[in-house]
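Asks: What shape does this take:
(2 chains)
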Protein chains: 2
Amino acid sequence: MLPCERCLTACKRVSNDIVGKSLIKFCNSCGATVTLRIPEGDSLERAVCDTCGTIQYQNPKIVVGCLPAHGDRILICKRAIEPRYGLWTLPAGFMENNETAGEGAAREALEEANAKVEIEDLYAVYSIPNISQVYMMFRAKLVDPGVSPGIESLEVKLVTLDQVPWNELAFAMVKKTIEFYIEDLKTGVFKPRFGDIRPR
Amino acid sequence: MLPCERCLTACKRVSNDIVGKSLIKFCNSCGATVTLRIPEGDSLERAVCDTCGTIQYQNPKIVVGCLPAHGDRILICKRAIEPRYGLWTLPAGFMENNETAGEGAAREALEEANAKVEIEDLYAVYSIPNISQVYMMFRAKLVDPGVSPGIESLEVKLVTLDQVPWNELAFAMVKKTIEFYIEDLKTGVFKPRFGDIRPR
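Replies: Just a heads-up that it's a prediction; the model follows:
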């Protein structure tokens, strides 16, 4: 098991590379060995195939998610998978090829909580450079409060904002997104937030 | 040469996969062959190693760029590389691991135009699902108008907004970003834009 890109621990989502240190040993195109070197015209070291020359690029991944609101309650999910098994999250996960960020966020809500949502504004965009991820969190309207755990959730529930389990939240970005929402509810103006999260 | 993910033509940036159709034939981790199948607990087909089981994920890539302004002029670059060789663009390119989106946008301005910029707000975030890319375009302040072509540019210049070569712009997202900027200059309020670009 190789470490997951999202958490840098061994979780269900095993990846073929880890951030900042290539674990790419063979070429995806021809199966030959690769060498870490700076290709011509480039400025960064890449895993380059010794035989066919194919460059195995590694780039940041996008995590798409949403804050589904229904009246004065929001939807949270208790994780049934590592990392952060048993902790609470907003529905979110890796964006897939051939979808938009909003479609990905809606898909994650459906997968994790059987929740049908209407995606509203893009609300928080944060880079996390030490794990090479960019979070894109949307505000969303939960269409039907009849939610139930998907395969990646132990439990899902609607909570009022004074019921948020602050000490049992899975990820920094989940906490931030809910905090922004609480702040903006006071004025009724939801301002998009952009920034970075760096290790303490 | 395999097609580039950005343009789906054969350009300098050869990638080890193309969007929507895996060209992954071998495992990056052990070099064995892979089979396209849905891994347990997943819902999408992935290239899974026949020997060690490593899943070769393919996810959308982020293009980071900026609109560098200096007084009433903006910086544009004439491309010295495919795709869209000879057409004009704003400085932009693939985000790299271990950088923030803003750092990536500033790096691209430096690489393409030897331009030192101060990154301001995130201005346009657009998904392009048919090529599995998300553009993140920032507004930026060009610190010093003394710019010069980097290796990926034939020519760089500062133009007023009535000098923009609209019929010679390289990418839809470049056009959109400049249009948003012209629109917002009228009111002086720069509103972030979010959306999708789909094939006509």
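Asks: Need the contact partners of the lengthiest helix in chain A.
Replies: If you go by DSSP state H, chain A has its longest helix at helix A:172-187. The contact list for helix A:172-187, computed with CB atoms under 8 Å, 6 or more residues apart in numbering or on different chains, reads A:63, A:65, A:67, A:69, A:74, A:88-90, A:92, A:123-124, A:126, A:128, A:135, A:137, A:139, A:161, A:164, A:166, A:169, A:190-191, A:193, A:197. In this view, the C-beta of every residue, glycine as well, is placed from N, C-alpha and C.
Asks: pLDDT below threshold where in chain A?
Replies: Chain A contains residues with pLDDT under 70 at A:1-22.
Asks: before we move on, the earlier item: can you pull the buried residues of the longest helix of chain A?
Replies: For helix A:172-187, a neighbour-count test (16 or more other CB atoms under 10 Å in any protein chain shown) marks A:173-174, A:176-178, A:180-181 as buried.
Asks: Please report how far the most centrally placed residue in chain A lies from chain B.
Replies: Centroid check for chain A by CA atoms, centre = their mean gives residue A:63 as the closest residue, at 2.7 Å. Distance of residue A:63 to chain B, given as CB to the nearest CB, to the nearest Å: 10 Å.
Asks: mind checking which helix or strand that residue is in?
Replies: Assigned by DSSP states H and E, residue A:63 belongs to strand A:61-70.
Asks: Please apply the same query to residue A:112.
Replies: Short version, using DSSP H and E: residue A:112 is in helix A:101-113.
Asks: Next, the angle from that helix to strand A:61-70.
Replies: On the basis of axes from the mean of the first three to the mean of the last three CA atoms, to 10 degrees, helix A:101-113 is oriented at 70 degrees to strand A:61-70.
Asks: which parts of helix A:101-113 are buried?
Replies: In helix A:101-113, counting by 16+ other CB under 10 Å, buried: A:101-109, A:111-113.
Asks: Same check on stretch A:186-200?
Replies: Neighbour counts over stretch A:186-200 (16+ other CB under 10 Å) mark A:192-194, A:197 as buried.
Asks: do the same with stretch A:43-55
Replies: By 16+ other CB under 10 Å, the buried positions in stretch A:43-55 come out as A:46-49, A:54-55.
Asks: contacting residues for the residue lying farthest from the centre of chain A?
Replies: Using CA atoms, centre = their mean, the residue of chain A lying farthest from its centre is residue A:51. It sits 35.0 Å away. By CB under 8 Å, 6+ apart, the contact set of residue A:51 is A:27, A:30, A:32-33.
Asks: For those residues, please prepare a markdown table with the additional fields secondary structure, neighbour count and distance to residue A:81.
Replies: Formatted as a markdown table, the contacts of residue A:51 follow (DSSP: H, G, I helix; E, B strand; the rest coil; neighbours: other CB atoms under 10 Å in any protein chain shown; distance: CB to CB, whole Å):
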| residue | secondary structure | neighbour count | distance to residue A:81 |
| --- | --- | --- | --- |
| A:27 | coil | 27 | 31 |
| A:30 | coil | 15 | 34 |
| A:32 | coil | 15 | 34 |
| A:33 | strand | 12 | 33 |
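Asks: Could you identify the most distant pair in those residues?
Replies: The span of those, defined through CB to CB, is set by A:30 and A:33 at 10.1 Å.
Asks: what residues are shared contacts of those two?
Replies: Taking CB under 8 Å, 6+ apart as the contact rule, residue A:30 and residue A:33 both touch A:49, A:51.
Asks: is the longest strand along chain A anywhere near chain B?
Replies: Counting residues, the longest strand in chain A under DSSP state E turns out to be strand A:117-128. Yes: counting by CB under 8 Å from any CB of the partner chain, chain B is contacted by strand A:117-128 at A:121-122, A:125, A:127.
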